[in-house]
Every structure is written in C-alpha cells, then in structure tokens.
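**Student:** Predicted model follows, preceded by the sequence.
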Amino acid sequence: MMKCTVCGSELRALTTRLPFKIGESRIVILKNLPVLQCENCTQYVLQDDVLDKVDQMLARVDSEAELEVIQYAA
C-alpha cells in the first residue's frame, strides 16, 4: 500500500471529480477519475497510466469552451 507523501497515512483507491485549468481561462472537469487519496489529509495521487490518459483527454478538449465536463473512461 502506498503512503501519503505529506502526512504518511495510507492512500486508498477511489473515484472522484477533479478540475484541470488549461491556459488562462479554460477549466476541464474530469468525472469518475481514479485516484489514490490520503485517508487523513485528502492529498491525492494520479497513477502514471491514469495521468497519461488524462493528458491525452485534455489535449482533445474544445479550444473554445471555457468550461467542459468530461467522463473519464479507462
């Protein structure tokens, strides 16, 4: 089991929604995003494979939209 780099508590797997700021004025919210979150301080970690997928998804967002909500799909 992984430990939190902030407080040392256990990280647990869960899905959540996270906002990502792209550029100066665009925000993308990813729903059902798998993360490892600290049970104590709520710090979270994205695993490498998830982060790669997030990067791919964010590269395809609508360049005109100020706010976009996308369902994460593995």
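**Tutor:** Ah, there it is. Computed from a predicted structure; not experimentally measured. Numbering: from 1, shown residues only.
**Student:** Every contact and neighbour count from this point should use C-alpha atoms.
**Tutor:** Fine.
**Student:** Do a quick rundown of the strands in this protein.
**Tutor:** 11-22, 26-38, 44-45, 67-71 (DSSP state E).
**Student:** Mean pLDDT added to those, as TSV?
**Tutor:** Formatted as TSV, the strands of the chain follow (pLDDT from 0 to 100):
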stretch	mean pLDDT
strand 11-22	95
strand 26-38	96
strand 44-45	94
strand 67-71	94
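**Student:** Need the outlier residue of the chain, farthest from its centre.
**Tutor:** Here the chain reaches farthest from its C-alpha mean at E64, the gap being 21.7 Å by C-alpha atoms, centre = their mean.
**Student:** From R26, how far off is that one?
**Tutor:** 9 Å (C-alpha to C-alpha, to the nearest Å).
**Student:** likewise L58?
**Tutor:** 11 Å.
**Student:** In contact with the residue nearest to the spatial centre of the chain, which residues?
**Tutor:** Among the residues of the chain, L18 comes closest to the average C-alpha position under C-alpha atoms, centre = their mean, at 5.0 Å. L18 makes contact with 29-31, 33, according to C-alpha atoms under 8 Å, 6 or more residues apart in numbering.
**Student:** For it, give its distance to Q37.
**Tutor:** Distance from L18 to Q37, by C-alpha to C-alpha: 12 Å.
**Student:** And for A65?
**Tutor:** Relative to Q37, and taking C-alpha to C-alpha, A65 is found at 29 Å.
**Student:** With neighbour numbers in mind, choose between these two.
**Tutor:** Each of A65 and Q37 has its neighbours counted (other C-alpha atoms under 10 Å); Q37 has more, 23 against 11.
**Student:** who are the neighbours in contact with the closest residue to that one other than its chain neighbours?
**Tutor:** What sits nearest to Q37 in space, not counting adjacent residues and going by C-alpha to C-alpha, 6 or more residues apart in numbering, is Y44, at 4.2 Å. If a contact means C-alpha under 8 Å, 6+ apart, then Y44 has 4, 11, 35-38 as its contacts.
**Student:** Quick one, which of these are buried?
**Tutor:** 4, 11, 35-38 (16 or more other C-alpha atoms under 10 Å).
**Student:** can you tell me which two in the residues you listed are farthest apart?
**Tutor:** Greatest spatial distance among these (C-alpha to C-alpha): C4 and V35, at 12.4 Å.
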